[in-house]
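# Everything below, folded, please.
(2 chains)
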2 protein chains.
Amino acid sequence: MSSHSAPVPFCIRWGIIATGSIAETFAKDLLVDPASRGVTDVSHLLVAVASSRSSEIASRFINKVGAPSSCIAYGSYDALVADPCVDVVYVASPHSHHYQNAMLGLQAGKHVLCEKPFTVTAGQAHRLVETARARARFLMEAMWTRFLPISAQIRQEVQNGAIGPVIRIFADNSIGTNALKEFKDSYLTKKELAGGALLDLGVYPIHWIMQTLAPRPDPKPSSILSATTPLLGAGVDESTTILMAFPVTSPSPVSVQAVASSSLRAMADPDGHTPVVRIQGDRGEIQIYGHSWCPSKYRIIKRVQQFGIIGEAEEFEYRVPGGAHGLCFEADEVARCVRDERQESAVMPWMESLTVIEILDVVRRAHGLFFSDIVESDDYPVTMPAKMN
Amino acid sequence: MSSHSAPVPFCIRWGIIATGSIAETFAKDLLVDPASRGVTDVSHLLVAVASSRSSEIASRFINKVGAPSSCIAYGSYDALVADPCVDVVYVASPHSHHYQNAMLGLQAGKHVLCEKPFTVTAGQAHRLVETARARARFLMEAMWTRFLPISAQIRQEVQNGAIGPVIRIFADNSIGTNALKEFKDSYLTKKELAGGALLDLGVYPIHWIMQTLAPRPDPKPSSILSATTPLLGAGVDESTTILMAFPVTSPSPVSVQAVASSSLRAMADPDGHTPVVRIQGDRGEIQIYGHSWCPSKYRIIKRVQQFGIIGEAEEFEYRVPGGAHGLCFEADEVARCVRDERQESAVMPWMESLTVIEILDVVRRAHGLFFSDIVESDDYPVTMPAKMN
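Numbers count the residues shown, from 1 in each chain, chains lettered A, B, ... in the order given. Down below sits the predicted model:
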């Protein structure tokens, strides 16, 4: 081998739990050549997929996404986590099942990437983190948006002081639907699957606030206030707006005020030209366009520090390369962390995932938004009703 | 007289209390020919101006704004309200003095237009309204923005159902300053003059929410939550964000969530192209541009009621005609109400002004934002320190 040959990429072997639409998108991204996004140090193998209902469903999924014929279809999650060829389990089940399924993976000695919201309760999230720590496994909430190059660039702008210390943030994720009609059969409108705007959509704006303010010695807000609107007859929320304050910490000259809003009915960007996230600093503002889960553009506006004078905007457009959806970047991060024997990602640290779930807990408690005992339990194992999954 | 001759416009005679910048702008607007804005049914005469410090200051003010030589300069407010030629008193003193000065006018039998915030406390506002009612005088908070033709047009769009029932509102008034430097000598940064972002800037976004939701059987929000940031060392707030919910009322299908934000440091519109107010309905959105106190444009975006499809925007630009600043329209409303012997404007009703001050009270109390006993007192008369005025 010549000294000029490229090092062999670290290959990580994935097993996917559940076969819904997010699993499908993730699987397809795993199958995109990493070189198409300039990645040569890691690669991905999809080695197993499990449906809790039947191996036929898993087989159909494998065919649909175009996985290699070596990929094994399992009819139970237990079987998948017992497969010694699986390095890491991607938990793509409904919110209600994240805790049980992620714990199943960790207990079986697997690394785990768990869809957002990480868990339904903060208690569950803490137990997952304890378990990962105790068993020396990698664990991460699948907050893929953080790993998009555009998000990294925005964080870098903020950290470089492009807009000065951050003083106010507005972040919205609202999809403008008639949910009971358009998402009638989705987990989104189902209480038993821990649906609703807050847990599904609200996590993105909260994470935008978190990543904007990171790194902080303590990411927790000093106050968490909220308003919520129920989705009539569904037992979940249709719209929730959260107003948070974050304490002064260097280099912030003042406390930060942040609004995280989410709605199934209202719409974040009704015309394709409205910012969905606004990060306001002492010397400028970053406006983020597109979906808050996968921005297509940001504008950075340097402020003229004099009353009444407006600044000029610079625009940066972004498209996920290689025909991928963007979930590939979090997959790369998982591979690198596992390769480097890190249990926790520096980009999506446990502390911030825990803080987000704690915020959700506070908001849900304030409005009596509770799920069933089984869904909220942090016991393990708890058998979830099969029809849910 | 021919039957075709135009009716003589109703002429109302104004006396102005205080000589600061808002008084100057108002006086100049009074002197603009109403015909320039298409108004022929009312006209305005500026007959008197009072400074609490000296008649020389009032004289200089009269010269500066170009008022007719018949306009009388008074060195005390008592003298002005005793002038039988004054029909209506415009109270343009600092916030701290609104209650005492408006009461002075009412007790002297004058109609009163009182600058915003209407008063410092809800108790004061209630006493002003009681007094106006008991003495059969006209009284109105000078929330001029409501009387701009563009505001009337926006209200009409909402009431006509252009965006369907309103479900969420974001309204911001934030001026992006280094207040302690740029407004060092202004009432804006003075606790003794009841300055700060909330009372000065925050009233506009709250009023946008109010007028968007009007008419309602009861304009009061069902919850009022807030975060505030102090202006360091000044004893007033630098930034305040209020999250409100409004109960379901026909035709609202759900409760309304509304965010009213105001800041001396953050900036609502850093590039001249960012909406400062967003009114979101079930079938579309109205975005308001320019300053929230005097919009220059609105866009109406009709939503396509299907997930993932965006709507098209129509734009309506607006400029105050005749070289006026826009305060002229509230002056016309005052003239018409007085002419028609109405004590209260239907566009800016007492109930809504009272509700706004009650909201300010709730927010201030939540954060210990108090002014001095004299400023917060609803006793009358209370002698205010002269240097304040």
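
# First-to-last residue distance for stretch A:30-49?
Taking CA to CA, to the nearest Å, the first and last residues of stretch A:30-49 lie 13 Å apart.

# ok, which stretches of the stretch 101-250 of chain A are strands?
For the stretch 101-250 of chain A, applying DSSP state E, counting those that start in this stretch gives strands covering A:111-114, A:139-141, A:166-174, A:223-231, A:236-246.

# In a markdown table: these, plus mean pLDDT, mean neighbour count and distance to chain B.
Where you see a C-beta, it was placed from the backbone N, CA and C, and this is true even at glycine. What follows is these, written out as a markdown table (pLDDT from 0 to 100; neighbours: other CB atoms under 10 Å in any protein chain shown; distance: least, CB to the nearest CB, whole Å):
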| stretch | mean pLDDT | mean neighbour count | distance to chain B |
| --- | --- | --- | --- |
| strand A:111-114 | 98 | 28 | 26 |
| strand A:139-141 | 98 | 28 | 25 |
| strand A:166-174 | 97 | 26 | 4 |
| strand A:223-231 | 97 | 23 | 4 |
| strand A:236-246 | 98 | 26 | 4 |
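
# mind pulling up the phi and psi values for the residue nearest to A:Lys302 when sequence neighbours are not counted?
In space, not counting the residues next to it along the chain, A:Lys302 is nearest to A:Gly284; the distance is 4.5 Å by CB to CB, 6 or more residues apart in numbering or on different chains. In terms of degrees, to the nearest 10, the main-chain angles of A:Gly284 are phi 160, psi -170.

# If you tally nearby residues, what's the number for A:Gly284?
24 (other CB atoms under 10 Å in any protein chain shown).

# surely it meets A:Arg303?
Yes. With contact defined as CB atoms under 8 Å, A:Gly284 counts as touching A:Arg303 (4.6 Å).

# Quick check: neighbours shared by those two?
A:163, A:311, B:270 (CB atoms under 8 Å, 6 or more residues apart in numbering or on different chains).

# quick one: which of those is nearest to B:His95?
B:Pro270 (27.0 Å; CB to CB).

# At the geometric centre of chain A, which residue do we find?
A:Met143 (2.1 Å; CA atoms, centre = their mean).

# I figured that one was touching A:Phe329, is that so?
No. Counting by CB under 8 Å, A:Met143 sits too far from A:Phe329 to count as a contact (11.0 Å).

# re earlier: which residues are in contact with the residue nearest to the centre of chain A?
A:116, A:203, A:207, A:330, A:348, A:353.

# from those, which single one is nearest chain B?
A:Val203 (18.0 Å; CB to the nearest CB).

# Can I get the shared contacts of A:Gly284 and A:Arg303 in TSV including pLDDT and distance to B:Pro230?
Converted to TSV, the shared contacts of A:Gly284 and A:Arg303 look like this (pLDDT from 0 to 100; distance: CB to CB, whole Å):
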residue	pLDDT	distance to B:Pro230
A:Ile163	95	22
A:Gly311	82	26
B:Pro270	94	23
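
# are any of those residues buried, and which?
A:163, A:311, B:270 (16 or more other CB atoms under 10 Å in any protein chain shown).

# distance of the second one from chain B?
With distances defined as CB to the nearest CB, to the nearest Å, the gap from A:Gly311 to chain B amounts to 5 Å.

# Look up how far B:Met143 lies from that residue.
Remark: distance between A:Gly311 and B:Met143 (CB to CB, to the nearest Å) = 29 Å.

# would you list every one of the strands in the stretch 251-389 of chain A?
Under DSSP E, counting those that start in this stretch, the stretch 251-389 of chain A gives strands at A:256-263, A:277-281, A:284-291, A:294-302, A:312-317.

# now those strands as JSON lines including distance to A:Trp14 and mean pLDDT?
Formatted as JSON lines, these follow (distance: least, CB to CB, whole Å; pLDDT from 0 to 100):
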{"stretch": "strand A:256-263", "distance to A:Trp14": "29", "mean pLDDT": "98"}
{"stretch": "strand A:277-281", "distance to A:Trp14": "30", "mean pLDDT": "97"}
{"stretch": "strand A:284-291", "distance to A:Trp14": "25", "mean pLDDT": "97"}
{"stretch": "strand A:294-302", "distance to A:Trp14": "21", "mean pLDDT": "97"}
{"stretch": "strand A:312-317", "distance to A:Trp14": "31", "mean pLDDT": "94"}
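
# Of the ones you listed, which is nearest B:Ala122?
Per CB to CB, nearest to B:Ala122 of the strands of the stretch 251-389 of chain A: strand A:256-263, 24.2 Å.

# Neighbouring strands - and their directions - for the closest one?
strand A:166-174 (parallel), strand A:236-246 (antiparallel) (DSSP bridges).

# Can I get it in PDB, CA atoms only?
The C-alpha atoms that make up strand A:256-263 are tabulated as PDB, following Å, rounded to 0.1, in the frame of the first residue of the first chain:
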ATOM      1  CA  VAL A 256     -31.800  36.300  26.400                       C
ATOM      2  CA  GLN A 257     -35.500  36.200  25.600                       C
ATOM      3  CA  ALA A 258     -36.600  33.400  23.300                       C
ATOM      4  CA  VAL A 259     -39.900  32.400  21.800                       C
ATOM      5  CA  ALA A 260     -40.300  28.800  20.500                       C
ATOM      6  CA  SER A 261     -43.600  28.300  18.700                       C
ATOM      7  CA  SER A 262     -45.100  25.300  17.000                       C
ATOM      8  CA  SER A 263     -48.500  24.700  15.500                       C
END
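
# picking that back up, let me see the contact set for the residue nearest to A:Lys302.
A:Gly284 neighbours (CB under 8 Å, 6+ apart): A:162-164, A:300-303, A:311, B:270.

# Can you read off the pLDDT for the closest residue to A:Gly20 other than its chain neighbours?
Using CB to CB, 6+ apart and skipping residues adjacent in sequence, the residue nearest A:Gly20 is A:Ala92, 6.2 Å away. What the model reports as pLDDT for A:Ala92 is 98.

# how close does A:Pro251 sit to A:Arg283?
Distance from A:Pro251 to A:Arg283, counting by CB to CB: 12 Å.

# Comparing those two, which shows the higher neighbour count?
Ranked by neighbour count (other CB under 10 Å), A:Pro251 and A:Arg283 place A:Arg283 first, with 18 against 10.

# which residue packs closest to that one, ignoring adjacent ones?
Per CB to CB, 6+ apart, closest to A:Arg283 is A:Gly164, 3.3 Å.

# Could you report the neighbour count for that neighbour?
Neighbour tally, A:Gly164, other CB under 10 Å: 19.

# which residues are common contacts for A:Pro251 and A:Arg283?
Contacts common to A:Pro251 and A:Arg283, judged by CB under 8 Å, 6+ apart, are A:Gly161.

# which ones are touching the spatially closest residue to A:Gln343 that is not a sequence neighbour?
Nearest residue to A:Gln343 in three dimensions, chain neighbours excluded: A:Phe138, at 5.2 Å (CB to CB, 6+ apart). Shown in contact with A:Phe138 (CB under 8 Å, 6+ apart): A:88, A:111-112, A:132, A:334, A:337-338, A:342-344.

# if you set the cut-off to 10 Å instead, what comes out?
The neighbours of A:Phe138, taking CB atoms under 10 Å, 6 or more residues apart in numbering or on different chains as the test, are A:12, A:87-88, A:106, A:110-113, A:132, A:333-335, A:337-345.

# now do A:Asn101
A:Asn101 touches A:17-18, A:50, A:52, A:77, A:80-81, A:89-94, A:112, A:114-115, A:384, A:389, counting by CB under 10 Å, 6+ apart.

# Mark which of those residues are part of helices, please.
A:77, A:80-81 (DSSP state H).

# which one among those residues gets closest to chain B?
Closest to chain B, out of all of these and judged by CB to the nearest CB, is A:Tyr77, at 30.1 Å.
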